[in-house]
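**Q** This is a predicted model, with the sequence first.
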Amino acid sequence: MERTCFNEELTLADCGKEVVLLGWVANKRNLGGLVFIDLRDSSGIVQLIAEDPTILPEIKSEYVVQAFGTVRKKDVPNPNLKTGQIEVALKKLVVINKAELTPFIIADKSDALEETRLQYRYLDLRRPVLLNNLKTRAKITKIWHEYFDAHHFLEVETPILNLSSPEGARDYLVPSRIHHGCFYALPQSPQLWKQLLMVGGVERYYQVAKCFRDEDLRADRQPEFTQLDEEVSFMTQDEILTLNEGFLQRIFKEIAGVDIQLPLRRMPFYEALDRYGSDKPDTRYGLLIEDLYDVMKDLPFDGFQGQNYIRGIVVPGVAASASRKVIDEFVNEARKMRLKGLIALKYLNGELEGSFTKFMDEDAKKALIARLDLKEGDLLLFGSSTSRRIISFALGAVRTMWAKRLGLIKPNTYDLLWVVDFPMFDKEEDEQGNVTYSAEHHPFTRPRDEDLHLLDEKPEDMLAYAYDIVINGYEAGGGTLRIYDHDTQWKVFRLLGLSEEDVAKKFGWFADAFRYGAPPHGGMAYGLERLTMILCGTDNIRDVIAFPKNLQASDPTSKAPQPVTKDQLEPLNIYLGEEE
């Protein structure tokens with residue numbers, strides 16, 4: 001079908017040129033003697049003008065049309081359109097296909113419910129904002145290929161039908177027709193396969209990898225998602241981070257027009273936890289967590305007895321306006337994060353106010369004011385816990401709520417940093433004193449060399465070669481160096497409570513490979529959707545996926561999942577119980 005160019009390729013330099021355009025009718029305005037038509041194609045919108053309305057066939061919104069005309073300069077430019085300085089004077093308009101009235105208006109700003117837009121996603125994708133999101137996503141993957149190709153990485157596809165893994169979220173299972181009663185699992189990540197590629201001598205691997213996890217959903221999580229996945233042999237952690245900083249610098253420059261200064265900051269995990277209340281800290285604003293243990297531990301308050309941590313945050317200038325109702329919102333948020341309570345004190349007229357002051361003498365008040373350097377109008381919110389993580393994550397959630405409430409986060413700003421030195425293990429102790437360890441990342445993460453002696457002595461104090469890239473408070477990607485010697489790997493397995501039989505059954509095929517000369521290796525993976533979400537300025541991961549699932553893990557467009565017939569199940573040796 002004849003077409004001379006896409007809409008947004010037209011500029012003032014094309015004035016006087018005869019063009020043939022294709023697209024959809026986005027809008028039509030009849031001013032009597034003149035008819036204006038906004039024509040939309042995959043590049044954008046251009047205005048058509050018919051000075052003789054009689055040449056037009058009957059057209060309505062979303063009709064597919066072919067336009068013949070001449071490019072000319074607009075009398076009144078439209079600064080909101082890339083093609084806003086020109087218009088196309090129509091000579092002929094041909095209707096290619098008609099359209100029924102759409103369930104919602106096709107425009108960037110839509111008041112349609114998300115579920116409706118997801119049901120008619122093929123219409124929703126016509127909205128320029130969503131189409132531009134997909135273009136951004138495609139550009140990220142294009143840069144990904146170019147960058148890692150230039151650094152001698154080899155793109156390798158890893159299997160989709162896998163052995164079920166005992167780690168991470170629940171697997172999506174696929175029954176085998178040939179092996180009755182046996183199941184494949186869809187990959188949660190290509191983790192084990194990419195490590196085997198390193199053992200196989202590939203040395204530098206990358207892939208745009210589909211992953212699947214059967215877990216509860218939220219705004220930044222989907223059951224199927226895409227990783228920009230990489231693994232490399234013979235590189236140190238510093239070398240891997242430097243390599244990836246070059247990739248990040250390039251995508252922010254080419255996509256957002258932002259110059260990222262390198263090297264990026266590197267923040268130890270416990271600093272992020274203690275000061276920001278998160279392992280993915282947003283450092284674009286303050287409201288840092290303060291340690292109050294030494295100035296408050298001896299107060300005659302029963303709630304502090306036996307507690308290991310007393311911490312709080314100061315919110316400047318809000319004391320007078322922070323009503324009981326407002327404070328209760330933050331108390332409830334802290335409780336959601338398993339902190340039993342949150343106490344409020346206000347600094348007004350040079351005095352601390354609040355019911356908690358009955359536990360404080362003048363010296364205690366002065367010590368607290370001095371420690372926090374309180375100013376007039378400051379609000380202090382604090383609590384206590386036996387758990388470093390519980391109190392930190394709770395105050396981190398409160399910190400984020402205040403930042404959003406006060407508008408402290410500047411739009412169109414980007415803050416990137418590495419969080420490093422994660423703990424190797426998470427230690428848990430039950431009421432009977434039984435201790436168990438779980439891997440902070442996964443069982444194949446390599447401990448720091450200087451901490452190896454702690455594996456037999458105090459594993460909870462071990463730190464790992466692990467790193468996350470954090471952008472604006474989102475974990476956009478992460479990775480680790482991997483254990484590559486057989487003895488250390490088996491020590492870790494045993495510490496995690498895995499017997500030789502367990503390992504043989506779950507990881508034997510993988511662990512055996514490390515007996516044949518595995519190189520030192522490591523890698524990382526980016527969540528493509530999260531990275532795209534950040535660069536597109538949205539907080540909803542569904543906005544950057546062509547056909548996403550909803551929060552019930554259903555596809556509103558195709559209505560999947562749906563029951564299948566008995567005829568489909570019988571070859572798989574699967575029989576469902578009869579419904580009552």
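**A** That came through fine. Numbering: from 1, shown residues only.
**Q** Could you pull up the contacting residues of the nearest residue to residue 83 once chain neighbours are set aside?
**A** The shortest distance from residue 83 to any non-neighbouring residue, by Cβ to Cβ, 6 or more residues apart in numbering, is to residue 46 (4.4 Å). Placement of C-beta: from N, CA and C, glycine included. The contact partners of residue 46, by Cβ atoms under 8 Å, 6 or more residues apart in numbering, come to 7, 8, 10, 21, 38, 39, 81, 83, 86, 87, 88.
**Q** Recalculate using a threshold of 6 Å.
**A** If a contact means Cβ atoms under 6 Å, 6 or more residues apart in numbering, then residue 46 has 7, 39, 83 as its contacts.
**Q** same thing with residue 209?
**A** The contact partners of residue 209, by Cβ under 6 Å, 6+ apart, come to 190, 227, 229.
**Q** Go through those and name the one nearest residue 136.
**A** Relative to residue 136, the closest of the contacts of residue 209 is residue 227; by Cβ to Cβ it sits at 17.2 Å.
**Q** hang on, that closest one in a strand?
**A** Yes: applying DSSP: H, G, I helix; E, B strand; the rest coil, one finds residue 227 inside a strand.
**Q** For residue 259, grab the count of nearby residues.
**A** For residue 259, the count of nearby residues is 9 (other Cβ atoms under 10 Å).
**Q** go on, residue 182?
**A** Count around residue 182 with other Cβ under 10 Å applied: 12.
**Q** measure the closest residue to residue 576 other than its chain neighbours to residue 478 for me?
**A** Counting by Cβ to Cβ, 6+ apart, residue 569 is the residue found nearest to residue 576 once chain neighbours are left out, at 7.0 Å. Separation of residue 569 from residue 478 (Cβ to Cβ, to the nearest Å): 39 Å.
**Q** So these two - more neighbours on which side?
**A** Counted by other Cβ under 10 Å, residue 569 and residue 478 do not tie: residue 478 has more neighbours, with 20 against 14.
**Q** my guess is the more buried one meets residue 468, correct?
**A** Yes: at 3.7 Å, residue 478 counts as touching residue 468 under the criterion of Cβ atoms under 6 Å.
**Q** what's the pLDDT at residue 578?
**A** As predicted, residue 578 sits at a pLDDT of 64.
**Q** do the same with residue 510
**A** 86.
**Q** can you check residue 329 too?
**A** 94.
**Q** On the three-state scheme, it is what?
**A** Per three-state DSSP, residue 329 ends up helix.
**Q** burial count for it?
**A** 13.
**Q** same thing with residue 211?
**A** 21.
**Q** Parallel or antiparallel, list what pairs with whatever helix or strand it lives in.
**A** Using DSSP states H and E, residue 211 sits in strand 204-212. Counting by DSSP bridges, the strands paired with strand 204-212 are strand 154-155 (parallel), strand 224-233 (antiparallel).
**Q** Figure out which of those strands is closest to residue 483.
**A** Among the strands paired with strand 204-212, strand 224-233 sits nearest to residue 483 (Cβ to Cβ), with 13.8 Å.
**Q** Could you give the average pLDDT over that closest one?
**A** Here the average pLDDT along strand 224-233 is 97.
**Q** Show me what stretch 309-326 is in contact with.
**A** With Cβ under 6 Å, 6+ apart, stretch 309-326 has contacts from 287, 289-293, 296, 346, 348, 372, 377-382, 384-385, 388, 391, 395, 399, 402.
**Q** hang on, I meant stretch 221-233
**A** Contacts of stretch 221-233 (Cβ under 6 Å, 6+ apart): 144, 190, 194, 198, 203-207, 209-212, 519, 521, 523, 525-526, 528-529, 541, 549, 553.
**Q** got the strands paired with strand 204-212 as TSV, with mean neighbour count columns?
**A** Conversion of the strands paired with strand 204-212 to TSV gives the following (neighbours: other Cβ atoms under 10 Å):
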stretch	mean neighbour count
strand 154-155	12
strand 224-233	23
